[in-house]
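Engineer: coordinates only, sequence not included:
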């Protein structure tokens, strides 16, 4: 007995891996659900009223509770290949193991957004799935418009290679012979093997033929970018990618983490949306009083604000809508309020789903849970990327007003400043001191107009100033 | 007997190695298992071993007074107690064990000692694979960088690589020959055949009699019809191991062990490879999960493509300025599917038994597709389904399990029987390995086989798995790619099969194969201790991950030893 127990303790000391192995009795029951690709059409989980395209995004799945990002080991399927429900599509490496990820749907793998060897945060789109062959092109365009981190797709091959068939057809209807490596490279660089002229033995197409056709130098060592001290900061949003300002001598370069990359990507993306801002002062005396009352019951200010915003959004659905394609309104039937929080140096937006419907106490409980999960990096994708409206509060730092950037895919975001005692004059000319906070909403002007936002803010202010309805 | 041996063996490991090795019972035990391996690694202490052998001899002389050299036949009427036809690894293993058991033994070899394994198989291929492993590592810039190492472009000299393989084969062949000579086994040169019961002919017209005869003639590469082997551009493993050329592009027909190992060698040396496999998926015969992962690591990222579900119906060697032409037909419909033009083709479609001209008709034995039918004790069965007395067949020639070490184990089993101890070899405990980078190894049943058996016999099957990613040593080597999987019975803890794909998998399998051979249950072996950090912890992890319902035996070995 003693022997065995001491054995066990040394094992756990010396092998910090005991949790890593996965043993499964009979069938690996809990795994399949994790292994499935998280699919959603652009906003399917919100039950959007306008379902236009049947292109689904393939998301980086959460393969384990601790996984925050995953590396694509390999794509089992290639672009354009047909997929049957349940087939393995991609192999994802998590912190623990490689897993095959299966598809839920029949269709075609239309586009690969995140290439092999690259990493993507959990929940990020890694590929697109088209329902029919006809939609592949559409999906590809969509993928191309995404600022992808994948390897630079070679620009159209040099003109010499495109009219090649003439040369190849010189000795009759001879079939093309390509070596295994040539075929692999052609697939990888999307070169049509039929259009490559073979220079190898017996006229076969070799790897270097494909590389030449794809316009890649055989040795892949990109020359360092020439220092361009004169590079003026680009005044427009269109950043010039070729030249970057020179580094100061002592500067150190710290690459983005997966989360930071995602933030950066989203921020650049946000530049394509025309936004405007409307500010509104809100009297918070009543809210503060209510807060004091419900605080012992575990209600937080965040929950109160989210609830108030949710209730206001219910009356102004356009503010809860979004514009996906520049052509239509997508009205979301659920009101999911995302709340920005800074955690461990990162920025994450846990989502309070159905903020208008859940009661204040449930909402507070939910919030506590979400923050806990966010701290331990256990948020599931739907818990941080299903928001329809975002709330950002810097009031606790004494910030009196600020301006938020509208996250892509949402219609509006509310920036909340600190509540401060302010001298106000009422309509009879009496001065009094009231607690006032400034809220500032940024919205997508393609769908939300000034009057909409003003009306929404008015409703919001009314709810906050008469907060009894919040507790109902 | 067995237990006495193992006891003295464990003693010998505690005391200085010199004395007990020579003077105690442990010595024959040491010699027993495939002398090949011992010889292969016994370079430096060979003096010690030789002196040891003399000791054994003299000891045995004391025992049987009439002995001269290699014992004396127990019955005066026979020239030998045991004659073995074929000096491959199977025959060699049987001969060593026979001498240990005091039998007067002769071994007949028509070609070179060592057979396929030593001359044209396992041994030279390991030399090539050792080269390919290093090339692969040196060429993998990413891998080197992650160690902080800088290596300038790695290259190789083909002749140098080829010499390494042939030198190794020669060395092992000499070791093998010497080990038999030293023990006094008579090595008779010439082609052997069976003349009649207990009578063997070898060479031109030498006839000898023996109480028992073992046929161990092995196999040759199997070449399907329609394929023209010229030894230059269309080759078998026999030619490939000489590495006379490294073609730019080689088609490998068959994706089993042999094909897979050669693909590892050729791609490391810069060739591109096209697999041609008759079945619907590559690497048939491996556990499906293992072959899936192996394909991901050994095939997909390398310069390899493949055609599955096709036969190579016709292969013409390169001549008159034309490349090697391979006609592919659909394995099911037999319709023409494709024509490949490559620089070379390696036929790795398996091996055919080498049993022609053995004189089997003299004893009324009919081969089945060339294989000699035997029962579970390797006793030869004749055309009427009856056992042929005093005749045994081991190794590739019987086709039970075409592996060198299986042949050796079968030979030892036969010797046990003819010396009065009934013995049936458990083939499910014989491990197998494929020496790719990383390696693949297995013992026992695959998961589908185990599930089928479980269904039939009504028991439950569980699977335990662990990843090399979780192993410290593997990660230190930057070789975290790999999977180990164990199939077992959760009710009684019996190990049904273990499959490993990963760094040094071939060396890791033996803990599992020994457990299966000895009937050790998981609940007991999981209490055994493994040094940390070692790759063996991968297997340890498997045992510990298993969920067995029955408790461990009351007194585990370790507790006894501690007391």
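Structural biologist: Nice, thanks for sending it over. Just so you know, these numbers come straight off a predicted model, no measurement behind them.

Engineer: In stretch A:306-317, which residues are buried?
Structural biologist: A:306, A:307, A:308, A:309, A:310, A:311, A:312, A:313, A:316, A:317 (16 or more other Cβ atoms under 10 Å in any protein chain shown). To be clear about C-beta, it is placed using only N, CA and C from the backbone, and glycine gets the same treatment.

Engineer: Among those residues, which one sits closest to chain B?
Structural biologist: Here the nearest of those to chain B, counting by Cβ to the nearest Cβ, is residue A:306; it sits at 40.6 Å.

Engineer: hang on, the earlier thing: any chance of the buried residues of stretch A:306-317 in a markdown table, with secondary structure too?
Structural biologist: A markdown table is the format used below for the buried residues of stretch A:306-317 (DSSP: H, G, I helix; E, B strand; the rest coil):
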| residue | secondary structure |
| --- | --- |
| A:306 | helix |
| A:307 | helix |
| A:308 | helix |
| A:309 | helix |
| A:310 | helix |
| A:311 | helix |
| A:312 | helix |
| A:313 | helix |
| A:316 | coil |
| A:317 | helix |
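
Engineer: Pick out whichever of those residues sits closest to residue B:194.
Structural biologist: residue A:306 (91.4 Å; Cβ to Cβ).

Engineer: Which residue, other than its chain neighbours, is closest to residue 308?
Structural biologist: By default, I'm working from chain A. residue A:463 (4.7 Å; Cβ to Cβ, 6 or more residues apart in numbering or on different chains).

Engineer: that's the other chain; I wanted chain B
Structural biologist: Spatial nearest neighbour of residue B:308, excluding adjacent residues (Cβ to Cβ, 6+ apart): residue B:277 at 4.8 Å.

Engineer: cool, and residue A:433?
Structural biologist: residue A:421 (5.1 Å).

Engineer: Would you double-check that the one you found falls in a helix?
Structural biologist: No: Residue A:421 is assigned strand when assessed by three-state DSSP, not a helix.

Engineer: ok, now which ones touch it?
Structural biologist: A:433, A:434, A:435, A:436 (Cβ atoms under 8 Å, 6 or more residues apart in numbering or on different chains).

Engineer: Follow the chain on from the top strand by length along chain B and name the next helix or strand.
Structural biologist: Scanning chain B for the strand with the most residues, using DSSP state E, yields strand B:206-215. Remark: after strand B:206-215, the chain's next helix or strand is strand B:219-221, criterion DSSP states H and E.

Engineer: quick revisit: using a markdown table, please lay out the buried residues of stretch A:306-317 together with pLDDT.
Structural biologist: Listed next are the buried residues of stretch A:306-317 as a markdown table, based on pLDDT from 0 to 100:
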| residue | pLDDT |
| --- | --- |
| A:306 | 93 |
| A:307 | 92 |
| A:308 | 93 |
| A:309 | 94 |
| A:310 | 93 |
| A:311 | 93 |
| A:312 | 94 |
| A:313 | 94 |
| A:316 | 93 |
| A:317 | 92 |
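
Engineer: what helices or strands is the helix or strand hosting residue B:523 leaning on?
Structural biologist: According to DSSP H and E, residue B:523 maps onto helix B:522-525. With contacts defined as 3 or more Cβ pairs under 8 Å, 6 or more residues apart in numbering or on different chains; DSSP states H and E, helix B:522-525 has no helix or strand neighbours.

Engineer: got the residue ranges for the helices in chain A?
Structural biologist: Using DSSP state H, the helices found in chain A span residues A:2-14, A:30-35, A:135-145, A:165-168, A:180-188, A:207-214, A:258-270, A:285-294, A:301-315, A:360-375, A:450-465.

Engineer: Looking at those, which is nearest to residue B:184?
Structural biologist: Taking these one by one with Cβ to Cβ, helix A:2-14 is closest: 47.3 Å.

Engineer: For the stretch 401-550 of chain B, which residues are neighbours of chain A?
Structural biologist: B:460-467, B:469-472, B:490, B:527, B:529, B:532-533, B:537, B:541-542, B:544-547 (Cβ under 8 Å from any Cβ of the partner chain).

Engineer: State the pLDDT value of residue 324.
Structural biologist: By default, I'm working from chain A. Per-residue pLDDT puts residue A:324 at 83.

Engineer: You answered for a different chain; I wanted chain B.
Structural biologist: pLDDT for residue B:324: 95.

Engineer: Repeat that for residue B:442.
Structural biologist: At residue B:442, pLDDT is 96.

Engineer: go on, residue A:442?
Structural biologist: Looking at residue A:442, the pLDDT reads 95.

Engineer: Name the spans of chain B whose pLDDT lies under the cut-off.
Structural biologist: B:1-76, B:554-563 (pLDDT under 70).

Engineer: Tell me the helix or strand right after the helix of greatest length in it.
Structural biologist: The helix spanning the most residues in chain B, taking DSSP H as the definition, is helix B:158-183. Using DSSP H and E, the helix or strand that follows helix B:158-183 in sequence is strand B:186-189.

Engineer: What residues sit buried inside the helix or strand following that next one?
Structural biologist: Towards the C-terminus, the helix or strand next in line after strand B:186-189, according to DSSP H and E, is strand B:192-196. Of the residues in strand B:192-196, B:192, B:193, B:194 count as buried by neighbour count, 16+ other Cβ under 10 Å.

Engineer: Just give the strands next to strand B:192-196 in its sheet, each with its orientation.
Structural biologist: strand B:199-202 (antiparallel) (DSSP bridges).

Engineer: which residues touch the strand it pairs with?
Structural biologist: For strand B:199-202, contacts defined as Cβ under 8 Å, 6+ apart pick out B:83, B:85, B:108, B:110, B:188-195, B:207-210, B:213, B:359.

Engineer: Likewise for stretch B:124-138?
Structural biologist: When contacts are defined by Cβ under 8 Å, 6+ apart, stretch B:124-138 is touched by residues B:143-144, B:151, B:154, B:156, B:161, B:164-169, B:237, B:241, B:243, B:261-262, B:264-265, B:267-269, B:435-437.

Engineer: Hmm, residue B:499 is touching residue B:286, no?
Structural biologist: Yes: counting by Cβ atoms under 8 Å, residue B:286 is a contact partner of residue B:499 at 7.4 Å.

Engineer: Find the residues that touch each one of the two.
Structural biologist: Common neighbours of residue B:499 and residue B:286 (Cβ under 8 Å, 6+ apart) are B:440, B:442, B:446.

Engineer: Top of those residues by number of neighbours, please.
Structural biologist: Tallying neighbours with other Cβ atoms under 10 Å in any protein chain shown puts residue B:440 at the head of those, with 29 neighbours.

Engineer: Quick check: bridge partners of that residue?
Structural biologist: Beta-bridge partners, per DSSP bridges, of residue B:440: residue B:434, residue B:501.

Engineer: burial measure for the residue nearest to residue A:308, as a count.
Structural biologist: There are 21 residues near residue A:463, going by other Cβ under 10 Å.

Engineer: Could I get the contacting residues of it?
Structural biologist: A:308, A:311, A:312, A:469, A:470.

Engineer: Please report how far it lies from residue A:317.
Structural biologist: As judged by Cβ to Cβ, to the nearest Å, residue A:463 and residue A:317 stand 16 Å apart.

Engineer: so what secondary structure elements neighbour whatever helix or strand residue B:455 lives in?
Structural biologist: Here residue B:455 sits within helix B:447-457, counting by DSSP H and E. If contacts are counted by 3+ Cβ pairs under 8 Å, 6+ apart, helix B:447-457 sits against helix B:288-294, strand B:483-488, strand B:495-502.

Engineer: in it, what counts as buried?
Structural biologist: Quick answer for helix B:447-457 (16+ other Cβ under 10 Å): B:447, B:450, B:454.

Engineer: how about the residues of the stretch 201-350 of chain A that lie near chain B?
Structural biologist: With Cβ under 8 Å from any Cβ as the criterion, the stretch 201-350 of chain A meets chain B at residues A:201, A:202, A:204, A:207.

Engineer: can you give me the strands for the stretch 351-500 of chain B?
Structural biologist: Along the stretch 351-500 of chain B, the segments classed as strands by DSSP state E, counting those that start in this stretch run B:351-353, B:379-381, B:387-393, B:432-434, B:439-444, B:462-467, B:483-488, B:495-502.
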